[in-house]
Every structure is written in structure tokens, then in C-alpha cells.
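# Output the structure for:
(one chain, ligands or ions: 1)
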Amino acid sequence: MPPRTRAVFLALIAIAAAVATAAVTILLTSERQVGGQAAQVGGAFALTDQDGKRVTEADFRGRYMLIFFGFTNCPDVCPMTLQRIADALDAVPALKERLTPVLITVDPERDTPAVMKEYVGFFGPEFRGLTGTQAEIDAVLKAYKVYAKKVPLPDSALGYTMDHGGLIYLYGPDGAFVTAYDPSLDVTALAARLKENVN
Ligand SMILES: [Cu+2]
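Next up, the predicted model:
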């Protein structure tokens, strides 16, 4: 190889190595960020349950918590998701001994403890419904990185609806984040994932 060709060749190898190193670094960094982000989701809260009792995350220690954020006036996503959670628990009854399904409202203005009690009662006696002051709910939404926004409905008796997002979050008996599920998972898939993650 003439010296000039050889120099170009070596330079190309050096560039390729630098690109590969950069790619690996980016991959490792993004993985670390995803892991770090997951670990930061959730945490402490102080809310009121469907019986009007004050509760914190510590009251759930020793059991898994399956948390979903929604509101009782939701026309579709919330009732459908809660029904799938109820059906998944019915499909694997052993889960009920280890896990408490929890609905945290994104609409504390209308979802009083009494309203929450009636609503979660539709899905099963094991469901807990948590509400609080607007400030308490805002703090929880922020900690769990859940998007929720009031949307006026001028032509409806409801007055407004809530635009909201969020996953179904699983926390372990020690309060640590385990995983999150897509709320659109069907009953079979959700039951299988829960069986895998709850032990
Ligand atoms: Cu909803």
C-alpha cells in the first residue's frame, strides 16, 4: 500500500472507531436515563380514600399497588381500563392476595370520596379510590409524571372533561417501582404480565 493510501486507510479506521465508540456511549447513556427516569416515577403521597380516611403510600407497604390515574366521569378509557384490570385479577385470583388496584383521580373537584366509593365499587371490593385537594392531586400527578388537563365542554351539562394520559404503574411491597403497563393491554396480556411481575 503506498504511504498516502495507507494514511487515508488508517484515518478511515480511526473515524470508524470513533463513530462506534460514540454510538456505544449514546446507547449506554440513553439506557441509563430510561432506568433512572423509571426509578424516579412515583413516591410519597398523602391522599384521602373512598371512606374518607387519610392514606399515604406507607399504608400499602407489604402489598403490591397497581395504580391507574383517571376520573369517574371519563366516558371510555378509564372505565375500560379499570374493567380490564378487574377481569385480569379475576382471571388470576391469587393476585388479589398480593396486590391492591388503586384509582387516583385527576379530577378532585368532582371526585369526592363518596363519588369515588360508588365508582370503584363497580369494579370490585378490592379497588381503592384515592382523591384529595387540588394541591395534593397536583403533587401526585407531578411525581408520577401523569399529564392531566381540564377541557371545557360548553355544550354539555358536565361543564368540563379531563384530558389525561398515564400508564398503569406497578409498585412492589417495599414501595419501589416495578414496571408500567400500557393501559390498552388486553385482559389476557395484562394478566400474564401481572403474573410475571407479582410474586
Ligand atoms: Cu379517562
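# What number of neighbouring residues does Leu47 come out with?
If you count neighbours by other C-beta atoms under 10 Å, Leu47 ends up with 25. Using the backbone N, CA and C atoms, a C-beta is placed for each residue, glycine as well.
# The helix or strand harbouring it: what's the following helix or strand?
In this assignment (DSSP states H and E), Leu47 forms part of strand 46-48. The helix or strand immediately downstream of strand 46-48 is strand 54-56, counting by DSSP H and E.
# Give me the contact list for that next one.
For strand 54-56, the surrounding residues in contact (C-beta atoms under 8 Å, 6 or more residues apart in numbering) are 44-49, 128, 130.
# cutoff 10 Å now
44-49, 102, 128, 130, 132 (C-beta atoms under 10 Å, 6 or more residues apart in numbering).
# Dump those residues into a markdown table; add distance to Leu141 and pLDDT as well.
Converted to a markdown table, these look like this (distance: C-beta to C-beta, whole Å; pLDDT from 0 to 100):
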| residue | distance to Leu141 | pLDDT |
| --- | --- | --- |
| Ala44 | 14 | 89 |
| Phe45 | 10 | 95 |
| Ala46 | 14 | 96 |
| Leu47 | 12 | 98 |
| Thr48 | 16 | 98 |
| Asp49 | 18 | 98 |
| Val102 | 14 | 98 |
| Arg128 | 18 | 98 |
| Leu130 | 12 | 98 |
| Gly132 | 11 | 98 |
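# Mind checking which of these are buried?
Neighbour counting by 16 or more other C-beta atoms under 10 Å classes 45, 47-49, 102, 128, 130, 132 among the contacts of strand 54-56 as buried.
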